[in-house]
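Visitor: Any chance you can model this:
(chains A and B)
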There are 2 protein chains.
Amino acid sequence: MENLNSHQIMIFLLSLGILLGTARILGEIAQKLRQPDVLGEILAGVILGPTIFGRIAPGIYAAIFPAEGPNAVALDTISNIAIVLFLMVAGIEVDLSTMLRQGRLGLKVGISSIVVPFTIGFALTMAFPSLFNPSGSVSHLVFSSFVAVALAISALPVIAKILMDMDLYRSDLGMVVVSAAIFNDLVGWMLFAVLLGFSEKTGDSGSTVAMTLLLVLGFSGFMLTAGRALIHRMLPIIQAHSRWPGGELSFAIVLSILGASFTEWIGIHAIFGALLVGAAVGDSAHLRERTRFTIAHFVSFIFAPVFFAGIGLKVDFLSHFNPSLVVTVLLIGCFCKMAGGVLGAIWSGLPRREVWAVGFAMNSGGAMEIIIGLLALQAGIITHELFVALVIMAIVTSMISGPLMRMVLKPEKVWKLQDALSSKLFLRELQAVSRKEAIFELTEAACYQAGLPAGTVAASVWAREEAMSTGIGNGVALPHARIEGLKEPLVVMGVSDSGIDFDAPDDRLAHVLFLILTPLTDPGIQLTIASELARVFKKPHMLDRVMRVKNFTDFIAFLKSSAPV
Amino acid sequence: MENLNSHQIMIFLLSLGILLGTARILGEIAQKLRQPDVLGEILAGVILGPTIFGRIAPGIYAAIFPAEGPNAVALDTISNIAIVLFLMVAGIEVDLSTMLRQGRLGLKVGISSIVVPFTIGFALTMAFPSLFNPSGSVSHLVFSSFVAVALAISALPVIAKILMDMDLYRSDLGMVVVSAAIFNDLVGWMLFAVLLGFSEKTGDSGSTVAMTLLLVLGFSGFMLTAGRALIHRMLPIIQAHSRWPGGELSFAIVLSILGASFTEWIGIHAIFGALLVGAAVGDSAHLRERTRFTIAHFVSFIFAPVFFAGIGLKVDFLSHFNPSLVVTVLLIGCFCKMAGGVLGAIWSGLPRREVWAVGFAMNSGGAMEIIIGLLALQAGIITHELFVALVIMAIVTSMISGPLMRMVLKPEKVWKLQDALSSKLFLRELQAVSRKEAIFELTEAACYQAGLPAGTVAASVWAREEAMSTGIGNGVALPHARIEGLKEPLVVMGVSDSGIDFDAPDDRLAHVLFLILTPLTDPGIQLTIASELARVFKKPHMLDRVMRVKNFTDFIAFLKSSAPV
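Guide: A predicted model of the protein is given here:
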């Protein structure tokens, strides 16, 4: 077996350490500035790569990051495994069941977010052949299709991250956007995979494009139905016969690597297999939250930064910077994507300010666009200049998504917890021990107060809860539903000393529960209330203090005394 | 940058997936048979490598695991990063503070466990030059020293694992064995590193052996003092300025990789730097348990299996199997190591059955011996035949350690919880909210009952607790101490509804606390009680049921009804 010699090992570890360290530091700084990590990570590569470090100290640069030989292969190996695992995690984050259940609204936005940008992008590129600086090495039809896909794809991880930061990930709006992004990702990647099959000469398997297409659809279909069911059945068996979390951890990763190898063999990229296996694994309710987190943390904080910083090493961003192309891509890209999101949201009948929020959310290109661009660059479909422009578009759109969404979603009117509660809507000692019991207990109090039919109301809240749990972490859960015939929002607060499992992302039991019932006619107020509650309970020690409160009067007194001036 | 082409990526992912999958399945099977994982993992490599698969289907074997070219480099890259991270985890498991505090006893066993096998091994190899089949490519002095080190080194991870499986990791005996193994590992590795420096031609740095030695000692000294203090100071800063657990995760890994690169540059192997950095990082009380687990899980279940299975790929175990050499190595190895452990334990004045337990524990060679053997093989110090013999010795000693320890430590007399408790030693509602308060509350009850000075007793229990927390997981904590003048063991049970943080490995709060006070004169009884309590509370739902009990009578009734027949 060919081994790296001592000098090569030393250089490999040095380059890896520097790359990862720089990427993580700049990623954290980006995060502090409320920007996506990927921005800082790519910047690290640009600084360490040919663009800056390679210009300043070409000798040292070539010694640490050799362009050829075993060390280049070693770094590329890490990049390859990193991107496979990153896409697996993206797949795990895809919640197929949510998407299927959420159904209509998300699907409409998803379809629109693919069809609108794809159509505009394809038409523009076909009509103005030189607009995007084609490489000429592939047919213009393939090139135009690629540009169209690149303009259409969104970044589920970035979108999910922004929604989580805003405490909207598990809100109704959040669910629509996430389902749309899932649909967008899956279809976008499938289109891209087929495209890549068309553009490349016959692969190792010697399969024709039609064969590739058939295999892609067959494999996707299998993974999303029978494969998914099989994995769901196998997980408990693996958990029973192996040590936790080792069994499910290895199972998920081995399966993704083999899936990746298989799609690479089909003739499309490895990442597609990893994404599909990830989606199938992540969809199983048997996969434990903590395993998800172990994988997600290791991949997001170790592998992904290496991959994204590695991109900066591959391309000289200065010599391939074409200002007019960058501006063209940026303007057309933003227009296409936002149009897709906005039209989809209007088609779904969402209220006005949510329409814009969806448009801004679907606009972020993020990591997905960069990966697609890189693969297209390596396959010779696009030029270095267009790649640089795509990376810049991806970064800029990801940067502006969050702030713009925050702007349009800013609560229109101030809603105060102390004004909404009353002593009858404050249950200091919940008897419930399960999620369902808690929801019924809270609903009963609400319905008694408002004269609503407790049975139907509880059923809607429970249906919503089943679709996606409402534990927001920090010991707080916000079960909710929109109720027909209700005139004013109704909030019931319950405190549980023993805690109730609401499947929160931080694994903590919920001790403070708010049941939020809102009128069907005012879809925005639910977000307002949820954001306000999340804001109040974000304060440190808030939960401890609330749990020490003995009765309603104490609670209101405490709330008023701790409210911001 | 040199990239793997599509076919190479496909083969790389396929080989990695097969290697990891097989290694993990056989590792889990080994575990089921109460054997160390490493046994199954190496076996996976032997099956997939030249020994079996390469013999049966040489064509397919060569296609999946090519011996040369980019794919061989890619697998070797993964092996290299895997071993660096594995040694980092081994370093993190090393608890320097425990070792320093435990002091005298562990140190004596540790010194003996190095000196005795090293002396016997060195003398035998010098006296009978052909005993261990020397390769002849290095001086006989270097070869003899290497054999001596290989015979002396123990496997901290295997020892720790066995102790954890027996619920003895945090017992007094466990602490002695673990500190001894830590000392053994650090000194053994340092000896080996220096030896490697002697054996190799001048490295890249062109430093002489004296220079290497100086740098090794300097770096080790720095990492274990100033470096360690620096890391301890930096961790809270990193935690404050980054997202958890990303910041500390990346910090630990980047530092280890850079440390590994540095020691490789010095001229000794990368793993040494990773071990030292790991020890320094793991020693900081600021490193959160969950981060430790995320790293440990990912490394033990993903990276380590790939590395150990990779060993099987490198060597043909059949053609290099020399029965007489295997028997010689095995007999001399077991004798040397057990002698080291047993003599050390006698020197420390441990009771008889613990003397043998220490001997059996220190006998396990495990992963460390294999890694050292592999490096010696690659450096040309030893032959393939001796390497195969060393691997077999490592595996066999690791296999027999656990069962032998279990045999000698089997509780001599039956101790029953229900006979030891009384209503005055049962505190249904602990008032304490902190670990210290809880210990004082329990100690007070015990001392009132037994007429002991509460102040001094509480101080000893607290000192023991500070040395290493006694939360054993599953919501149970076992604070304990040996008390002068006490005639009979005394157990106080406390139940805390809100839970108290005893820093358990599973992060759960302790709800059931047992204070175990034992006579100075009967060191074994503490183990008996701790094992019995751990056994009782291992049953599922035990904790829930205990917490629902209202008073002492109910508890005893419940305990008797649920006792094994």
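
Visitor: Report the helix or strand with the lowest average pLDDT across chain A.
Guide: helix A:96-102 (a mean of 64; mean pLDDT, DSSP states H and E).

Visitor: Show the contacting residues for the closest residue to A:Val254 other than its chain neighbours.
Guide: Among residues not flanking A:Val254 along the chain, B:Gly21 sits closest, at 4.2 Å (CB to CB, 6 or more residues apart in numbering or on different chains). Yep, even glycine has a C-beta here, placed from its N, CA and C like the rest. Contact analysis of B:Gly21 by CB atoms under 8 Å, 6 or more residues apart in numbering or on different chains lists A:250, A:254, A:258.

Visitor: Isn't the last one up against B:Leu13?
Guide: If I follow you right, that is A:Leu258. Yes - here A:Leu258 reaches B:Leu13: they are 7.3 Å apart, a contact under CB atoms under 8 Å.

Visitor: So for these two, which residue has more residues nearby?
Guide: Shown here are A:Leu258 and B:Leu13; by other CB atoms under 10 Å in any protein chain shown, B:Leu13 has more neighbours (28 against 19).

Visitor: Just give the nearest non-adjacent residue to the more buried one, would you?
Guide: A:Ser261 (3.6 Å).

Visitor: and that neighbour, what are its phi and psi?
Guide: phi -60, psi -40 (degrees, to the nearest 10).

Visitor: mind listing what it touches?
Guide: Taking CB under 8 Å, 6+ apart as the contact definition, A:Ser261 lies against A:270, A:273, B:10-11, B:13-14, B:17.

Visitor: Let's see that with 10 Å instead.
Guide: A:84, A:270, A:273-274, B:9-18 (CB atoms under 10 Å, 6 or more residues apart in numbering or on different chains).

Visitor: Check whether A:Leu168 sits in a helix, strand or coil.
Guide: coil (DSSP: H, G, I helix; E, B strand; the rest coil).

Visitor: So it sits against A:Ile162, correct?
Guide: Yes - using CB atoms under 10 Å, A:Leu168 makes contact with A:Ile162 at a distance of 8.5 Å.

Visitor: okay, these two: which has more neighbours?
Guide: A:Ile162 (27 against 24).

Visitor: Helix, strand, or coil at the more buried one?
Guide: Assigned with three-state DSSP, A:Ile162 falls in the helix class.

Visitor: Model confidence score at it, please.
Guide: A:Ile162 is assigned 74 on the pLDDT scale.

Visitor: Check the contact between it and A:Thr397; I expect there is one.
Guide: No - with contact defined as CB under 10 Å, A:Ile162 does not reach A:Thr397; the gap is 11.6 Å.

Visitor: where do the helices sit along the stretch 451-565 of chain A?
Guide: Listed in chain order, the helices of the stretch 451-565 of chain A (DSSP state H, counting those that start in this stretch) span residues A:454-467, A:525-536, A:542-548, A:552-562.

Visitor: highest average neighbour count across those?
Guide: Comparing the helices of the stretch 451-565 of chain A by mean neighbour count (mean count of other CB atoms under 10 Å in any protein chain shown), helix A:525-536 ranks first with a mean of 20.

Visitor: Tell me the residues of the stretch 51-200 of chain A that contact chain B?
Guide: A:65-81, A:84-85, A:200 (CB under 10 Å from any CB of the partner chain).

Visitor: again, only this time at 6 Å
Guide: A:67-68, A:70, A:72-74, A:76-77, A:80 (CB under 6 Å from any CB of the partner chain).

Visitor: how many other residues sit next to A:Gly136?
Guide: Neighbours of A:Gly136 (other CB under 10 Å): 10.

Visitor: Just to be sure, it is in a helix?
Guide: No - under three-state DSSP, A:Gly136 sits outside any helix and is assigned coil.

Visitor: Can you pull the phi/psi pair for it?
Guide: phi 80, psi -10.

Visitor: how near is it to chain B?
Guide: 22 Å (CB to the nearest CB, to the nearest Å).

Visitor: Buried residues in stretch A:309-320, which are they?
Guide: Judged by neighbour count using 16 or more other CB atoms under 10 Å in any protein chain shown, the buried positions of stretch A:309-320 are A:309-317, A:320.

Visitor: How about stretch A:57-64?
Guide: Going by 16+ other CB under 10 Å, stretch A:57-64 has these buried residues: A:61, A:64.

Visitor: Would you agree A:Leu390 is in contact with A:Gly373?
Guide: Yes - between A:Leu390 and A:Gly373 there is a contact under CB atoms under 6 Å: 4.1 Å.

Visitor: rewinding a little: host element of the residue nearest to A:Val254?
Guide: Using DSSP states H and E, B:Gly21 sits within helix B:6-32.

Visitor: want to throw the buried residues of stretch A:309-320 into JSON lines with distance to chain B and pLDDT?
Guide: Shown next, in JSON lines, are the buried residues of stretch A:309-320 (distance: CB to the nearest CB, whole Å; pLDDT from 0 to 100):
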{"residue": "A:Ala309", "distance to chain B": "12", "pLDDT": "92"}
{"residue": "A:Gly310", "distance to chain B": "8", "pLDDT": "89"}
{"residue": "A:Ile311", "distance to chain B": "10", "pLDDT": "85"}
{"residue": "A:Gly312", "distance to chain B": "11", "pLDDT": "85"}
{"residue": "A:Leu313", "distance to chain B": "6", "pLDDT": "88"}
{"residue": "A:Lys314", "distance to chain B": "5", "pLDDT": "84"}
{"residue": "A:Val315", "distance to chain B": "10", "pLDDT": "83"}
{"residue": "A:Asp316", "distance to chain B": "12", "pLDDT": "89"}
{"residue": "A:Phe317", "distance to chain B": "14", "pLDDT": "88"}
{"residue": "A:His320", "distance to chain B": "15", "pLDDT": "90"}
